[in-house]
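J.: Here is my input, please return the structure:
(one chain, ligands or ions: 1)
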Amino acid sequence: MKIEQIFGNNKKWITSKLAVDDHYFENLAKGQNPELLYIGCSDSRVTAEELIGAEPGEVFVHRNIANMVISIDLNAMSVINYAVEHLNVSHIVVCGHYGCGGVKAAMESSDLGILNPWLRNIRDVYRIHQQELDLIEDKEKKYDRLVELNVEEQCINLIKTAAVQKAYTGRGLLVHGWVFDIKTGRLIDLKINFRDKLQHIMEIYNLSK
Ligand code: CO
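T.: Residues are numbered from 1 along each chain as shown. Below you'll find the model as predicted:
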């Protein structure tokens, strides 16, 4: 995409929205009431709204390298807190994707400077699941599986936060783990058993008392 095209594209987009609804932007300006918080990768190929067919106003979005939920990341934690406690979202989705450069970098031995501490969290996911991952001989399959396990661990990290625990017990907030298959465009629900995971996690990470 060329930078010169952007403002022209914006004009076309405004025209297309107003052609369907004269009050489109008036209504958009009134406020947001999204049902869903989407946490995904910054990868330019994995758009948040487009792949799930969401319109402006429908999804609260946070993206970072490899869709991580790190407890001392003020940015992610602020987004989660605001979405859960102020926007009252009913669902939080962590969406990873096959072919994730962040996950791949964490599987390799190289010094990536400032990225080291970020990717360290993915290496930790590898360590937690080393037994399973070391049994997978095919490198691509191992990489795909680490993408899935990383999503699962980031869902668990979500459950470790007080805001999510409180909203789960108080109003039934749900956490979902998905993977976007970049080769087919298909969205896959990893069907993480949120209730089981939560029960297990709460034995150690319970913050609700
Ligand atoms: Co990625």
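
J.: quick one: buried residues of stretch 121-128?
T.: By neighbour count on 16 or more other C-beta atoms under 10 Å, the buried set for stretch 121-128 is Asn121, Ile122, Val125, Tyr126. C-beta coordinates here come from the backbone N, C-alpha and C atoms, glycine included.

J.: Let me know the closest of those residues to the ion.
T.: The closest of those to the ion turns out to be Ile122 (C-beta to the ion; 10.4 Å).

J.: And Lys209, what's its pLDDT?
T.: Lys209 carries a pLDDT value of 69.

J.: Domain map for the chain?
T.: 1-30, 32-205 (automatic domain parsing).

J.: Which one, of these, ends up nearest to the ion?
T.: domain 32-205 (3.2 Å).

J.: From the contact counts, what lies against the longest helix anywhere in the chain?
T.: The residue-count maximum for a helix in the chain (DSSP state H) belongs to helix 139-159. The helices and strands touching helix 139-159, judged by 3 or more C-beta pairs under 8 Å, 6 or more residues apart in numbering; DSSP states H and E, are strand 91-97, helix 101-106, helix 115-128, helix 130-134, helix 162-171, strand 174-181, helix 194-205.

J.: How is Leu112 assigned, secondary-structure-wise?
T.: coil (DSSP: H, G, I helix; E, B strand; the rest coil).

J.: looking at it, it is touching Ile122, isn't it?
T.: No: assessed by C-beta atoms under 8 Å, Leu112 is found out of contact with Ile122, at 11.7 Å.

J.: Beta-bridge partners for the most centrally placed residue in the chain, please?
T.: Centroid check for the chain by C-alpha atoms, centre = their mean gives Ile39 as the closest residue, at 2.2 Å. Bridge pairing for Ile39 (DSSP bridges) gives the partners His62, Val94.

J.: so it makes contact with Asn75?
T.: No: if you go by C-beta under 8 Å, Ile39 and Asn75 don't touch, sitting 11.2 Å apart.

J.: what do those two both touch?
T.: His62 (C-beta atoms under 8 Å, 6 or more residues apart in numbering).

J.: Quick check: Lys12 vs Ile122, distance?
T.: Distance of Lys12 to Ile122, given as C-beta to C-beta, to the nearest Å: 39 Å.

J.: Need the pLDDT of the residue nearest to the centre of the chain.
T.: On the pLDDT scale, Ile39 gets 98.

J.: mind listing what it touches?
T.: 62-63, 67, 69, 76, 79-80, 92-95, 154, 158.

J.: Kind regards, and thank you for your time.
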